[in-house]
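> Give me the fold of what follows.
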Amino acid sequence: MVSTSALDFRIPSDLAQIEAIVAQVVHRCRECRFDARQLSLNVPVALTEAIANAMLRGNGEDAAKEVRIRAEVSEARLVVEVEDEGQGFDLDACCDDPTTPENLEREDGRGLFLMRTLMDEVVQVEGSSNVVRLTLRRR
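Numbers count the residues shown, from 1 in each chain. A predicted model of the protein is given here:
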């Protein structure tokens, strides 16, 4: 029997809020016996980047706007959706590799690159250009 644990947060666009949310998601993943590397690297880095992108880029650093984070943790996987109140964007169009010589000096694109590298799947929720879904299978 696979048990699932759900978390649902609404937080202001305040970067100081990120650490506590990430800690709660990591804690739930630890309870489901996720791999130590996933707990120390994959989950915290990818989730921090997703929430920070929602606050800084999606909500334009407007503290009056909120970010919603929904996480479902099971013994098989973690699925997190991060939603902002911004105009949205085309995730598939944001695919420049920041490690190539022509992109090394650019300041954008690194967060999405990290998320895609550390998670098994990063997609935009169909029909919503301001919701990103991150999926990580337990190792």
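
> Check this structure for its longest helix and report it.
helix 18-31 (DSSP state H).

> got the buried residues for that helix?
Ile18, Ile21, Val22, Val25, Val26, Arg28, Cys29 (16 or more other CB atoms under 10 Å). Yep, even glycine has a C-beta here, placed from its N, CA and C like the rest.

> What separation do you get for the fifth one and Leu118?
Distance of Val26 to Leu118, given as CB to CB, to the nearest Å: 13 Å.

> go on, the third one?
Here Val22 is placed at a distance of 13 Å from Leu118 (CB to CB).

> Over to Glu72?
Distance from Glu72 to Leu118, by CB to CB: 18 Å.

> ok, these two, which is more surrounded?
More crowded of Glu72 and Leu118, by other CB atoms under 10 Å: Leu118, with 20 against 16.

> didn't the more buried one look like it was pressed against Pro44?
No - in this structure Leu118 lies outside contact range of Pro44 using CB atoms under 8 Å: 9.4 Å.

> so what secondary structure elements neighbour the strand or helix carrying Ile69?
Per DSSP states H and E, Ile69 falls inside strand 66-74. Contact analysis of strand 66-74 by 3 or more CB pairs under 8 Å, 6 or more residues apart in numbering; DSSP states H and E lists strand 4-12, helix 18-31, strand 77-83 as its packing neighbours.
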